[in-house]
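Q: Sequence below, structure please.
(one chain, ligands or ions: 2)
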Amino acid sequence: MSARPCPRCGREFDLRRTPRCPSCLVDLWLGADEFVRPKHDPRLLPLQWESYRSVLNPDFVASPRPYLLFAAEQGAWYFDTHYDMQIQFTHKPLGRAPGAGIPVGRSMPEHALDSLLIAEADSAECAHAFAVSLEQFEAQIRSGEFRPLEVCPTHLCDQLQRPGSDRCEDHAEPAKTAEPATKD
Ligand SMILES: [Zn+2]
Ligand SMILES: [Zn+2]
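A: Ligands and ions are numbered 1, 2, ... in the order given. I've put the predicted structure just below:
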């Protein structure tokens, strides 16, 4: 445990587990432009889509904050190597299935999905939520598509960083400038 006070609200949190304090992370997610996208919005049902999709459960959409606080406190951070973004995964937030799946050609959900995924979870603009299955998520970890974030090795830093990188963004080497060397 490496507790730090949140610079925004003062709440202590563990930088090795989450890049922001859970309370402020929930504010960031809910402030995103389209946290519940039409594809995953149960209020638009019945509705067919051109591919398999998941919809969130109506209770989640009506009052997301308790689910998200649970997720922010209990969930884990990964890097999605396919979409090149950070994601946050929580199995059964509040002990419930946060959504359900709709097969191609159908217009209503047919099976529960037990886990919540926040895509672009570090983005104040683009964060968005949908439901997934733990079984599928674990298969994507095994295949290397999703990799856990790592802790920056810089002394006393403890921030999470992209897997495979040397340091977190704060401690990365500054990019070399592309300007040609000046002659004298
Ligand atoms: Zn905070
Ligand atoms: Zn660092």
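
Q: and the top strand by length along the chain, which residues are buried?
A: Identified as the longest strand of the chain according to DSSP state E is strand 85-91. Along strand 85-91, these residues count as buried under the neighbour rule (16 or more other C-beta atoms under 10 Å): 85, 86, 87, 88, 89, 90, 91. C-beta: built from backbone N, CA, C; applies to glycine.

Q: what does stretch 89-104 give?
A: Judged by neighbour count using 16+ other C-beta under 10 Å, the buried positions of stretch 89-104 are 89, 90, 91, 93, 94, 97, 98, 99, 100, 101, 102.

Q: Would you mind writing the CA trace of it as PDB?
A: Taking C-alpha atoms only, stretch 89-104 is exported to PDB below (Å, rounded to 0.1, in the frame of the first residue of the first chain):
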ATOM      1  CA  PHE A  89     -12.200  -3.800 -15.500                       C
ATOM      2  CA  THR A  90     -14.500  -4.700 -12.700                       C
ATOM      3  CA  HIS A  91     -16.200  -8.100 -12.100                       C
ATOM      4  CA  LYS A  92     -19.800  -7.700 -10.700                       C
ATOM      5  CA  PRO A  93     -19.900  -4.100  -9.500                       C
ATOM      6  CA  LEU A  94     -22.200  -4.000  -6.500                       C
ATOM      7  CA  GLY A  95     -22.400  -7.800  -6.900                       C
ATOM      8  CA  ARG A  96     -24.600  -7.500 -10.000                       C
ATOM      9  CA  ALA A  97     -24.400  -8.100 -13.700                       C
ATOM     10  CA  PRO A  98     -23.900  -4.600 -15.200                       C
ATOM     11  CA  GLY A  99     -25.400  -5.500 -18.600                       C
ATOM     12  CA  ALA A 100     -26.500  -8.000 -21.100                       C
ATOM     13  CA  GLY A 101     -25.700  -9.200 -24.700                       C
ATOM     14  CA  ILE A 102     -27.700  -8.900 -27.800                       C
ATOM     15  CA  PRO A 103     -26.900 -11.400 -30.600                       C
ATOM     16  CA  VAL A 104     -26.800 -10.200 -34.200                       C
END
